[in-house]
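K.L.:
Provided below are the primary sequence and the corresponding predicted coordinates.
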Amino acid sequence: MTHIIYTGTYLPAMRQGGSSPPYTLHHIPALTTTLLTPQQELLTALHAATSSPFSLIFASRHAINSVEKLHLDMRRLTHCYCVGAKTRAHAITTLGIAPELVLTPDEGMQNYRGLITLLKTRSFTTPLIIPSLKGTHRPFLADLGLEPEAILQFDAYSTDPTPDLEYRLGAKLKSHHIDFIAFSSPKAVRIYAPVVKHHSHSPALASIGPTTSKAMEEANLKSVHEASVPDLHTLFEELHLLYDT
């Protein structure tokens, strides 16, 4: 049995109809996510915005979780766009809506330019509500040529490095024979890098794709394998085959 530490925020769902995988995942996320509690002024603005037809943009599953927590009235939602297939799937299961998908050709990247290009070819209702990662607001107003009242972009969640990461990794390495640490984003690489370097007998490291591999190279971490396609199941299965040989 291959043992893999996965550093991403979400564990991937099992493939439908698939048998139990020939590997064991140990989830030690690099980041801890906190859904932010909105101030009353923002709550009032959100409920006012959803009292008439509106549109939504989701760039992450955390953004969807934040909206679910707010219990907004979705009956007047006319358009919804999601960045990435996993985000769209989460919106369907969590909010019961079927958003249009914005493809992300490069793993680990929120394809903002692709989103803007798509929106310029679509008619959508305003206000356009955009729950975002704290401190990462995008210039939708300027890029779409809209008036300020047409967009309500707000800090919905924050992310911080997992505070006990070094302890958790060390405890896992002592209690299990770990074969690989798998990275699926450059941010996880940067957070893990000093911790991994601290352990002289760190497991082999692997990457989901070229962007993450580049981040590993910049952090002076050697990747023994890059997934043939940017997909977590593919990465884990290929690591198992690598271990098995």
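P.N.:
Arrived safely.

K.L.:
Could you measure from residue 81 over to residue 117?
P.N.:
12 Å (Cβ to Cβ, to the nearest Å). Every residue, glycine included, has its C-beta placed from N, CA and C.

K.L.:
actually residue 161, sorry about that
P.N.:
33 Å.

K.L.:
Those two: who's more crowded?
P.N.:
residue 161 (15 against 12; other Cβ atoms under 10 Å).

K.L.:
Backbone torsions only: list them for the more buried one.
P.N.:
phi -60, psi 140 (degrees, to the nearest 10).

K.L.:
Work out for me the element the nearest residue to it once chain neighbours are set aside sits within.
P.N.:
Among residues not flanking residue 161 along the chain, residue 191 sits closest, at 4.8 Å (Cβ to Cβ, 6 or more residues apart in numbering). Per DSSP states H and E: residue 191 is located in helix 186-198.

K.L.:
how does the chain divide into domains?
P.N.:
2-30+164-244, 34-159 (automatic domain parsing).

K.L.:
got CSV for these, with mean pLDDT too?
P.N.:
Shown next, in CSV, are the domains of the chain (pLDDT from 0 to 100):
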stretch, mean pLDDT
domain 2-30+164-244, 91
domain 34-159, 88
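
K.L.:
does residue 34 count as helix, strand or coil?
P.N.:
Following DSSP: H, G, I helix; E, B strand; the rest coil, residue 34 is assigned to strand.

K.L.:
contacting residues for the residue nearest to it when sequence neighbours are not counted?
P.N.:
Spatial nearest neighbour of residue 34, excluding adjacent residues (Cβ to Cβ, 6+ apart): residue 158 at 5.1 Å. Going by Cβ atoms under 8 Å, 6 or more residues apart in numbering, residue 158 touches 33-34, 36, 133-135.
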